[in-house]
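> quick one: sequence and predicted model below, then my questions.
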Amino acid sequence: MEGLNPALQLALELRRSIESGESPRVGLKRFAGAAGEFPSFCRRWIERRDRGGAHMELLKELKSPYRRSLMIVLEKSLAGEPVQATLQEMEKELERACLDEIERHLTLLPFRLMVPLLLFLFPAMMLLILSPLLDLLSQGLSQ
């Protein structure tokens with residue numbers, strides 16, 4: 001699952017653990033064992049929750065509303081509420097958000113690729129256009 005959105009990766013991991021009969025906590029710990037910014041946040045969140053600290057205060061650090069809502073659903077699942085339907089809906093929403101983000105990047109890509117092309121091609125074109133004029137000018141000045 002390399003290169004997958006971390007929130008979507010966590011949602012898939014949680015759903016897989018729930019569907020295989022494990023607790024959501026097992027799925028969360030499995031996800032938190034991975035490297036990355038969001039898994040390390042999940043590790044801190046679990047540790048603070050286990051110690052009885054203000055673990056929901058950590059959610060203010062998350063910039064993504066999808067990650068925040070996923071952690072709220074996770075808190076509900078750890079409290080014993082059924083969340084499988086909610087997780088499935090969140091997965092669909094996360095997939096849609098990922099596809100929208102990819103589409104947004106793809107629409108901007110031609111314009112971003114045009115900048116280096118213009119930077120390197122424009123001076124060469126100007127030399128080709130102006131070189132005959134400069135040649136005539138230099139011949140006129142030499143006479």
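That came through, no problem.
> which ones are touching the closest residue to Ser40 other than its chain neighbours?
Once flanking residues are discounted, Ser40 sits nearest to Ala32: 7.8 Å by C-beta to C-beta, 6 or more residues apart in numbering. (C-beta placed from N, C-alpha, C; glycine too.) By C-beta atoms under 8 Å, 6 or more residues apart in numbering, the contact list for Ala32 reads 39-40, 42-43, 46.
> of those, just the buried ones, ChimeraX syntax please.
To isolate the buried members of those in ChimeraX, using 16 or more other C-beta atoms under 10 Å:
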select :39,42,43,46
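> phi and psi next, for Gly36.
Gly36 adopts backbone torsions of phi 140, psi 170, taken as degrees, to the nearest 10.
> burial measure for it, as a count.
Neighbours of Gly36 under the rule other C-beta atoms under 10 Å: 12.
> strands of this structure, start to end?
Using DSSP state E, the chain contains no strands.
> longest helix in the protein, by residue count?
helix 84-142 (DSSP state H).
> rounded mean pLDDT for that one, please.
Computed over helix 84-142, the mean pLDDT rounds to 89.
> and it, what other elements does it pack with?
helix 6-19, helix 65-78 (3 or more C-beta pairs under 8 Å, 6 or more residues apart in numbering; DSSP states H and E).
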